[in-house]
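J.: fold the following and give me the result.
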Amino acid sequence: MNGQGPIQPCSTAGVASAEKGHVVLDGPGGVAITMTAEAAARTAASLIAAAHEAKSFVSGESGEESSP
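T.: Coordinates of the predicted model:
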């Protein structure tokens with residue numbers, strides 16, 4: 001534990017752009033990553049699936065109980 005308390009999720013979205021045949025994702029806090037178009041497409045699909053799962057968990061549709 002770092003003594004700073006729990007890590008809070010970021011609510012700021014990253015921004016993607018295409019540059020010279022690659023996809024650059026600029027995220028919050030100075031995070032940046034360059035990917036091939038294929039890797040970016042797979043990442044996008046994975047992010048969308050995870051976002052839907054997270055939303056359903058928060059709204060209580062997952063069927064799982066949340067623990068404190």
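
J.: just the pLDDT for the residue positioned nearest the centre of the chain.
T.: When the chain is reduced to its mean C-alpha position, the closest residue under CA atoms, centre = their mean turns out to be Leu47, at 5.5 Å. We note a pLDDT of 96 for Leu47 in this prediction.

J.: the one helix or strand Ala49 maps to: which residues count as buried?
T.: Assignment of secondary structure by DSSP states H and E places Ala49 within helix 37-58. Judged by neighbour count (16 or more other CB atoms under 10 Å), helix 37-58 contains these buried residues: Ala40. No exception for glycine: its C-beta is placed from N, CA and C like everyone else's.

J.: tell me what it is packed against?
T.: strand 22-26 (3 or more CB pairs under 8 Å, 6 or more residues apart in numbering; DSSP states H and E).

J.: ok, the strand it packs on: who's next to it in the sheet?
T.: Sheet pairing for strand 22-26, assigned by DSSP bridges, gives strand 15-19 (antiparallel), strand 32-36 (antiparallel).

J.: okay, the angle between the last one and helix 37-58?
T.: What that stands for is strand 32-36. Regarding strand 32-36 and helix 37-58, their directions subtend 120 degrees when assessed with axes from the mean of the first three to the mean of the last three CA atoms, to 10 degrees.

J.: quick check: mean pLDDT of strand 32-36?
T.: Strand 32-36 shows an average pLDDT of 98 in the prediction.

J.: what distance do you get for Glu53 to Gly30?
T.: Noted for Glu53: a distance of 27 Å to Gly30, by CB to CB, to the nearest Å.
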